[in-house]
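Asker: Give me a model of this one.
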Amino acid sequence: MPAHRTPYPFLKGHGTENDFVLLPDHDGTVHGDLDPARVRALCDRRAGIGGDGVLRVVRTAALDGGVAGPGSPAPGGSPEWFMDYRNADGSVSEMCGNGIRVFARHLVEEGLADPARPIPVATRDGVKTIRLEGDLVTVDMGPPALLGHTEVTVGATRWPARHVDMGNPHAVAFVDDLAPTGPVGALHEPPGHDPAVYPAGVNVEFVVRQGERHVAMRVHERGSGETRSCGTGACAVMVAAAEADGLGPADGAEYRVDLPGGTLTIAWTPQDRVLMTGPAVVVARGTTAL
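Answerer: All right, here's what the predicted structure looks like:
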């Protein structure tokens, strides 16, 4: 570790094995605007702590006119806490569904939020409200946006895809087989997509039907690669599956979404809100000078 850098605290947590490094920076004096190189070092699974992204835990009042990136809140204009999320490659992301569940779990475990009350958290995609009930955490992800049809590719294989925005962009493709030995492959590289539709990149979900209102998926996340789970991706998949089944918000549909790292329950309410429910745990803490 570099001798010139003062060690600082970190935590490690995951939601359905989508894992994150958490950086407590309550008054905004430890990290400021996170250097992408530091994020990459923290997320490195061999030379760092390892994670799909970094969650900086900071009070909105401590932000210096907002945090770099789209949708940054103004100081005093948001809830007490802001989730400053970065992908593993150091890039800024608008939202992280599994990450915000871990974020809320951390606030409760540290006595920074009351688990008996809804917990509002500001993000680059606006304010999300979180509720805890035992091991499960439910997040109101807000309304989905169905933005048309596109396609994605892996090698020479093409699939039609549904463009769904859950605060960040998704392309949802229904396939026959999720096996790494099948057409979807190992997903070592980002699937091909239309850059005119997704100029800032896209999260791509491959989905198979498992039964009535039950699907399974794999996901390649922009900035992180294939991950064990993606919360916003599971929400996008549920909305695309419900639409394909002829259902909409008025039906109050609920789907089970299986991911390599676990299971999420996603509901689309008559109020046109998407509710995501799943586990979130903090598994370690320490200090680092990365």
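
Asker: Can you read off the pLDDT for Leu42?
Answerer: With respect to pLDDT, Leu42 scores 97.

Asker: Please read the previous query as pertaining to Trp81.
Answerer: 97.

Asker: now do Ser78
Answerer: The score at Ser78 is 73. That number is its pLDDT.

Asker: That one contacts Ala122, doesn't it?
Answerer: Yes. Applying Cβ atoms under 8 Å, one finds Ser78 in contact with Ala122, separated by 3.7 Å. The C-beta positions use only the backbone N, C-alpha and C, and glycine is treated the same way.

Asker: Can you tell me how far the nearest residue to Thr6 once chain neighbours are set aside is from Val219?
Answerer: Excluding the flanking residues, the one nearest Thr6 by Cβ to Cβ, 6 or more residues apart in numbering is Ala289, at 7.1 Å. In this view, Ala289 and Val219 are 32 Å apart by Cβ to Cβ, to the nearest Å.

Asker: ok, now Pro191?
Answerer: For Pro191, the distance to Val219 - Cβ to Cβ - is 10 Å.

Asker: middle-most residue in the chain, spatially?
Answerer: Central residue of the chain (Cα atoms, centre = their mean): Cys96, 2.3 Å from the mean position.

Asker: what's near enough to touch it?
Answerer: Phe20, Gly53, Leu55, Met83, Tyr85, Gly231, Thr232 (Cβ atoms under 8 Å, 6 or more residues apart in numbering).

Asker: ok, and the most crowded of those?
Answerer: Tallying neighbours with other Cβ atoms under 10 Å puts Thr232 at the head of the contacts of Cys96, with 32 neighbours.

Asker: hang on, isn't that one packed against Asp165?
Answerer: No. Contact criterion Cβ under 8 Å: Thr232 and Asp165 do not qualify, at 9.2 Å.

Asker: returning to what we had before: could you count how many residues lie near the residue nearest to Thr6?
Answerer: Neighbours of Ala289 using other Cβ under 10 Å come to 11.

Asker: So for it, what pLDDT did the model give?
Answerer: pLDDT for Ala289: 94.

Asker: got the phi/psi numbers for it?
Answerer: Phi and psi for Ala289, reported as degrees, to the nearest 10, are phi -120, psi 20.

Asker: can you check Asp35 too?
Answerer: Main-chain torsions, Asp35, degrees, to the nearest 10: phi -70, psi 130.

Asker: residue contacts, the nearest residue to it once chain neighbours are set aside?
Answerer: What sits nearest to Asp35 in space, not counting adjacent residues and going by Cβ to Cβ, 6+ apart, is Gly90, at 7.7 Å. When contacts are counted by Cβ under 8 Å, 6+ apart, Gly90 is found next to Leu34, Asp35, Pro36, Ala37, Arg38, Val39, Arg40, Gly223.

Asker: I'd like to know which of the residues you listed are buried.
Answerer: Among the contacts of Gly90, those classed as buried by neighbour count (16 or more other Cβ atoms under 10 Å) are Leu34, Arg38, Val39, Arg40, Gly223.

Asker: between those residues, which is nearest Gly261?
Answerer: Distance to Gly261, by Cβ to Cβ, is smallest for Gly223 among these, at 17.9 Å.

Asker: who's in contact with that closest one?
Answerer: Residues near Gly223 by Cβ under 8 Å, 6+ apart: Gly53, Asn87, Ala88, Asp89, Gly90, Ser91, Ser93, Gly201.

Asker: Backbone dihedrals for the nearest residue to the second one once chain neighbours are set aside, please?
Answerer: Pointing back at Asn87 there. Take Asn87 and drop its neighbours on the chain: the residue closest to it by Cβ to Cβ, 6+ apart is Gly223, 2.9 Å away. When read as degrees, to the nearest 10, the backbone of Gly223 gives phi 80, psi -10.

Asker: Out of Pro191 and Val219, name the residue with the larger neighbour count.
Answerer: Val219 (27 against 23).

Asker: what's the distance between the strand or helix carrying the more buried one and the middle of its chain?
Answerer: In the assignment (DSSP states H and E), Val219 maps to strand 214-221. Strand 214-221 has its C-alpha centroid displaced from the chain centroid by 13 Å (Cα atoms, centre = their mean, to the nearest Å).

Asker: same question, stretch 48-62
Answerer: 13 Å.
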